[in-house]
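Undergrad: My questions concern the predicted model and sequence given below.
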Amino acid sequence: MEFQTQHQGSGERKVPEIYVGNLPTDISEVEIIRIFSKFSAQKVRKFLFDVKCFAFIEVPTEKHISMAVSQLNGTVYRGRKLNVGKSIKTSLEKNKQINHFSTIKQKSSLPEKTKDTEFIKASIPPTKDKSPSCKNAIFIKNCRKIFYAVPMEMRSLMLMSILNECFGNLNWFGSIMKDEGETAVMVTETYPETPFFWAIQLSEVSQNKMVTLFTAIAKSEKNQPYLGKDDAHRGKKCLAEFLFTPHDAGAWNRACILEVVNFFALVFFVDFGSTAFIPIYSLKFLSEEEFWQIPPLTQPFMLEEDVFCKERLVKTVLRGKIVGSHMCEHHIHRFVPFSEEARFHVRDLQERL
C-alpha cells in the first residue's frame, strides 16, 4: 500500500522514499527491491549516468526509511559502499523529473547505428593527424605545434570566483605561483590531447593535509543531510561522490555547485580539478567552515613540450620539474617530466617515495 501525505490546498503529496547511491552500474530493479525487501519496498526508480548509478525506493512509512538507513548505510554490496539516506520528495517534483527525462529521451532518439557511428563522424571534422598509438604511452612527444586554449575551469577569472565562494580568504593563492624545482605530482585530472592537467604536489605537508581533510570528511559524512531542490544554487558548498575511474568505489569530497539545471547540478571538485553533472538529491550539505580551512589539494599544470594522449590519465605519479608558469595564467605551472619511466601508479607511492 502506498503511503502519501496530502497537503491541504496545495495539490502536492509527499512520498516517503529511500535514496541509495553508489550502486553497481549493472544492477537491476529486481535486485534493488530484494536488497530493501525487509523494509517493505514498494516501487523502485533506478537512474544510470555514465559510471554513476543510484535509485529511489518508495516505502510505506518514514520508520522504514530510518531502519534502512541505520542498517544499510555504509555497507558494502558487490564491492561498492552503499550510500543510503532519506529522500522525501513531493509527487509534483517527481512528475516533473520523469517528464524531463522523457523529453531528453525523445530528443536523443536516433537510430542505434546513427547514434553510435554516423552521428559521431558527422560531428567531428576530418583530420590528418597521425598521432602515435597511446597503448603504451601517456604523452604524445613533440606535438606542441600550436597554442592550446586554457580549459575554462583553469582560467583565473573562473577559478578565483569558485575558490572565493568556497574559501573566502585567498591569501594563500599567491604562494602557489612561487613553486619551482624538482617535484613529484599525483595526476588527478587530464584534458586528453592537450598539455593541461591537475595534480597534487607530493610532500609531507600535502600528505598531512590529505589525511586531516579526508579523515574529517569520512567521520562527518554520515551525519550530513542531503540537499533538496531549493538548497542547490550557484556557489553552494557541498559534499559529492567522486570517482577517479569507473572501477573505483565513490568517495565523498568537497565540491562547489557551478550551475543548476532542473534536478541536476554541475559541480567542481575543488581537490581534484574535475567537474561532474550530478543529481541534486545525491549531494550533501558541507557548510561548516572547519572543512574549508585547508586550501585545495590540487593545482593546475601544463606540460612544457608534450601533450597527453587520447586516454584520460589519473592516479599516476609523475616525477619532473616545475620550470615556470603559463605566459598569461601565472598560477598554471609549466612541468617537464623526467621520463615516462619516472611515472608509476599511486598504489605504488609508498614503495617509490
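TA: Happy to help now that I have it.

Undergrad: Could you use CA atoms for every contact and neighbour count after this?
TA: OK.

Undergrad: Just to check, Lys237 is in contact with Ala265?
TA: No - at 11.9 Å, Lys237 does not count as touching Ala265 under the criterion of CA atoms under 8 Å.

Undergrad: residues shared between the contacts of the two?
TA: The contact sets of Lys237 and Ala265 overlap at Ile257 (CA atoms under 8 Å, 6 or more residues apart in numbering).

Undergrad: low pLDDT regions in the stretch 51-200 of the chain?
TA: Within the stretch 51-200 of the chain, the segments meeting pLDDT under 70 span 88-146.

Undergrad: can you tell me which residues contact Thr194?
TA: Neighbour list for Thr194: 148, 307-308 [criterion: CA under 8 Å, 6+ apart].

Undergrad: now the residues you listed: which count as buried?
TA: Neighbour-count burial (16 or more other CA atoms under 10 Å) applied to the contacts of Thr194 gives 307-308.

Undergrad: and of the contacts of Thr194, the nearest to Ser156?
TA: Closest approach between the contacts of Thr194 and Ser156, by CA to CA: Tyr148, at 15.9 Å.

Undergrad: which residues does the closest one contact?
TA: With CA under 8 Å, 6+ apart, Tyr148 has these contacts: 194-195.

Undergrad: mind redoing it with 7 Å?
TA: Contacts for Tyr148 (CA atoms under 7 Å, 6 or more residues apart in numbering) come out as Thr194.

Undergrad: quick one: the helices in the stretch 201-350 of the chain?
TA: In the stretch 201-350 of the chain, the segments counted as helices under DSSP state H, counting those that start in this stretch are 204-220, 349-352.

Undergrad: just checking, Gly21 touches Leu82?
TA: Yes - taking CA atoms under 7 Å as the definition, Gly21 is a contact partner of Leu82 at 5.9 Å.

Undergrad: can you dump the C-alpha coordinates of the helix or strand containing Ala199 into PDB?
TA: According to DSSP states H and E, Ala199 maps onto strand 196-201. Extracted in PDB, the C-alpha atoms of strand 196-201 (Å, rounded to 0.1, in the frame of the first residue of the first chain):
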ATOM      1  CA  PHE A 196      46.900  20.700 -19.300                       C
ATOM      2  CA  PHE A 197      46.300  18.700 -16.200                       C
ATOM      3  CA  TRP A 198      45.500  19.000 -12.500                       C
ATOM      4  CA  ALA A 199      47.800  17.400  -9.900                       C
ATOM      5  CA  ILE A 200      48.700  17.300  -6.200                       C
ATOM      6  CA  GLN A 201      52.300  18.000  -5.300                       C
END
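
Undergrad: now for that strand, which elements pack on it?
TA: Packing partners of strand 196-201 (3 or more CA pairs under 7 Å, 6 or more residues apart in numbering; DSSP states H and E): strand 181-190, strand 299-303.
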